[in-house]
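Undergrad: Got a sequence here, can you model it:
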Amino acid sequence: MKTKHLLLLLLACSGWSACKKNTQPQCLALPLAPIMLSANVRIVDKTTSADLFLSPTSPYKLSDLSVSTSLQNATVNFWVDSVHKDKRFVVLHGFETQTWIVKLAALPADTVHMDVSVTQSRCYATPFVGKITLNGKAVCAPCSYSDVVTISK
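TA: Next comes the predicted model:
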């Protein structure tokens, strides 16, 4: 009888101990997928602040815009955000730290650099835009999706 009670007590203690050890939630196995980050760019006239190529009356067209990247064998992905008719901009997409060379027709080229940083939590890492510079001068740090790099020509 004494052995039976000791055995039940041992089972109860080991069961309680096993439950006690698993109080932390386990991390879900998530596939590593790149998160697309971006830099928003406007090109305006330096005296009037008028849009130089995205509005209907602009002197330049979207086809006059040339964008290249510092990454080897990388394709430059961008699109025009025209939701706000008075503040249209080009959205440059990237997955990692890089520099874009932005050139509008025969005007001098500008460099937009995006630094990607990573926040590490217990279960996963989250990339974010840590800093954006225009021709070497900081535009934002850290940056949000609403920050816009304004290039004045």
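Undergrad: residue contacts, the residue most central in space within the chain?
TA: Nearest residue to the geometric centre of the chain (C-alpha atoms, centre = their mean): L37, 2.4 Å. By C-beta atoms under 8 Å, 6 or more residues apart in numbering, the contact set of L37 is 93-95, 114, 116, 127-129. C-beta: built from backbone N, CA, C; applies to glycine.
Undergrad: again with A39
TA: A39 makes contact with 91-92, 94, 100, 112, 114, 129, 132, 143, 149 under the criterion C-beta under 8 Å, 6+ apart.
Undergrad: Considering those, which possesses the most neighbours?
TA: V149 (25 neighbours; other C-beta atoms under 10 Å).
Undergrad: So what sits opposite that one in the bridge?
TA: Note on V149: beta-bridge partners by DSSP bridges are V41.
Undergrad: wait, what's in contact with it?
TA: Contacts of V149 (C-beta under 8 Å, 6+ apart): 39-42, 112, 132, 134, 139.
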